[in-house]
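Chemist: Show me how the following folds:
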Amino acid sequence: MRLLVLMYLLGTIHANAAVVRIGNGDEGSDLEGVEEVSSGIISTSRTETVKLLKSLNINAVRGLGSLIPEIESNKLYLAQKDSLELDTVDQGSFHVDMKGRVYARTFSEPHAPTRFFPVATHLAKDQLVALHVHEGLHRSLPPEIRTNESIVSEITLAITSPDSSFDRVQAVVSKYIPDEQSGAVAGPTPVKIPDNAKIKNPSEFSYGYRNFFKPISGTTYQVNGMHVLETELYPFGSEYAISGVGFELSLINLLGHSVMGPLRLNFESKMWSLRGFDVGFWGTVSLNTLSADELKTSPYGRDTVHLGMSIRKDLKVFSVENIVGYTFKGQSIQKIGAIPYTYNYGGVVEVSTHPAVMLSNFRVGGFLEFLLGDGYEVSGGAFDYNPGRFRILSGGPELEYRFNSMALTLTGRFLINATQDASYDSLGDLLGVGVAQGNIGLKWSYFF
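Modeler: Model (predicted):
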């Protein structure tokens with residue numbers, strides 16, 4: 001019985017393929033009085049549709065990887081009255097009943113909303129499941145076949161028939177989506193990567209200099225500035241997912257002389273998501289390079305380990321990147337006179353956002369960052385300083401001018417708010433956030 005219902009439902013598509021209008025951009029009276037659907041049979045049938053697709057492991061079918069997200073996140077609307085307006089302007093017909101009343105309309109493009117009509121609320125749940133699948137295919141299949149009603153109907157029947165299976169769906173889909181159209185990732189239909197995406201030219205060679213602000217009073221080891229030479233190479237992966245390694249060499253300027261700063265090793269993976277985001281995962285290890293004698297006078301002679309994740313979205317004139325990271329705890333020892341002082345740095349959670357506006361070759365933006373440290377303790381002799389957990393709120397400009405494959409970047413870091421006497425010295429991460437109460441930096445980069 002269920003198969004007969006499905007065949008009848010899909011049969012009406014072919015019977016009316018020449019006259020049924022699809023798309024919610026028409027000028028008909030059905031545009032009036034639509035309400036968003038959040039409950040009822042249309043909403044519950046969408047949930048059943050997602051369950052069916054997951055049970056068939058549709059994400060693993062070549063070319064159908066975006067079908068579940070397309071259905072799951074689709075905005076649903078219900079019109080107040082039925083529509084009889086039929087046309088042949090839009091290709092890819094949807095279902096109509098025997099009286100010519102339209103069940104639903106949508107654009108054949110990703111993320112387009114779907115407008116249902118009252119007649120659709122009288123359909124059985126199996127019919128509505130088939131309708132959700134049919135609409136989702138019109139939006140998620142490759143552009144060259146998503147408007148072909150015959151192909152969409154055949155794939156819909158393969159998915160929703162009572163004896164459907166992963167192998168059956170894969171066999172039907174493979175007739176219309178050959179391997180060369182499946183993209184770099186098996187299953188999903190990839191989103192085109194724009195030219196300004198970070199994953200396009202991830203490798204970098206750069207030189208920068210940071211000038212640190214005046215340190216807090218009582219600091220016995222004053223760092224005035226730091227030179228940083230950086231290189232990042234991504235030799236592994238594909239167009240949509242890459243991995244690489246890199247390092248940073250630093251030279252720090254003290255009062256009257258310079259010494260080698262930390263050496264940082266970077267390990268990072270980047271990927272381009274199906275929803276068009278640059279996603280990165282990385283781990284860094286900063287290794288102290290000071291000699292035993294130099295270590296005696298420095299509170300920054302510790303190694304740091306940092307893990308993090310970034311998510312970035314680049315639009316035509318706007319960009320935003322969010323970063324979440326964690327720096328593990330560590331320790332260093334500084335000797336002042338005959339007394340050794342032990343610095344215990346707690347773990348630090350980092351959350352930051354980096355919005356920007358693109359104006360021709362300029363990227364004008366800034367950042368806001370919140371750091372939460374588990375603790376910071378200095379002890380030695382009769383001295384013991386332990387303020388406990390602390391916070392640091394930072395912000396500053398990020399201005400970039402890019403020409404061809406090169407860029408000049410001006411950055412600033414300012415301490416906006418902090419717990420008690422906390423400053424960047426409380427973190428002991430010279431190559432990360434730096435020291436004192438902030439810095440201004442200039443960097444030249446070459447991307448490839």
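Chemist: what's the helix or strand containing Glu248 packed up against?
Modeler: According to DSSP states H and E, Glu248 maps onto strand 241-253. Contacts defined by 3 or more Cβ pairs under 8 Å, 6 or more residues apart in numbering; DSSP states H and E place strand 241-253 against strand 225-237, strand 258-272. Any C-beta I mention is one placed from the backbone N, CA and C, and that applies to glycine too.
Chemist: mind listing what's buried in that strand?
Modeler: Ala241, Ile242, Gly244, Gly246, Phe247, Glu248, Leu249, Ser250, Ile252, Asn253 (16 or more other Cβ atoms under 10 Å).
Chemist: Quick check: bridge partners of Tyr401?
Modeler: Counting by DSSP bridges, Tyr401 is bridged to Phe362, Leu408.
Chemist: For it, the count of nearby residues, please.
Modeler: Using other Cβ atoms under 10 Å, Tyr401 is surrounded by 14 other residues.
Chemist: Please report the distance of it from Thr289.
Modeler: 32 Å (Cβ to Cβ, to the nearest Å).
Chemist: if we can go back for a sec, ok, the strand holding Glu248: who's next to it in the sheet?
Modeler: Strand 241-253 has its sheet partners listed here by DSSP bridges as strand 225-237 (antiparallel), strand 258-272 (antiparallel).
Chemist: what's the closest of those to Tyr341?
Modeler: strand 258-272 (19.2 Å; Cβ to Cβ).
Chemist: Mind checking the pLDDT average for that closest one?
Modeler: The average pLDDT within strand 258-272 is 90.
Chemist: related to what we said a few turns ago, so for the strand holding Glu248, mean pLDDT?
Modeler: For strand 241-253, mean pLDDT is 93.
Chemist: just how off-centre is that strand within its chain?
Modeler: Relative to the mean C-alpha coordinate of its chain, strand 241-253 is positioned 22 Å out (Cα atoms, centre = their mean, to the nearest Å).
Chemist: again with stretch 416-433
Modeler: Averaging C-alpha positions (Cα atoms, centre = their mean) puts stretch 416-433 28 Å from its chain's average.
Chemist: Can you give me the end-to-end span of that stretch?
Modeler: 14 Å (Cα to Cα, to the nearest Å).
Chemist: Can you give me the buried ones in it?
Modeler: Quick answer for stretch 416-433 (16+ other Cβ under 10 Å): 418-419, 422-433.
Chemist: Where does the prediction get shaky in the chain?
Modeler: Applying pLDDT under 70 to the chain flags the ranges 1-33, 84-100, 179-192, 215-221, 290-301.
Chemist: Name the next helix or strand downstream of the helix or strand where Phe367 lies, please.
Modeler: Counting by DSSP H and E, the element that carries Phe367 is strand 362-373. Using DSSP H and E, the next helix or strand after strand 362-373 towards the C-terminus is strand 376-380.
Chemist: So what's the gap between that next one and the chain middle?
Modeler: With Cα atoms, centre = their mean, you get 39 Å for strand 376-380.
Chemist: what does stretch 314-324 give?
Modeler: 9 Å.
Chemist: returning to what we had before: how about the buried residues of strand 241-253 in CSV, adding distance to Ser164?
Modeler: Formatted as CSV, the buried residues of strand 241-253 follow (distance: Cβ to Cβ, whole Å):
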residue, distance to Ser164
Ala241, 31
Ile242, 36
Gly244, 42
Gly246, 48
Phe247, 52
Glu248, 54
Leu249, 59
Ser250, 60
Ile252, 65
Asn253, 69
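Chemist: Alright, that wraps it up for me.
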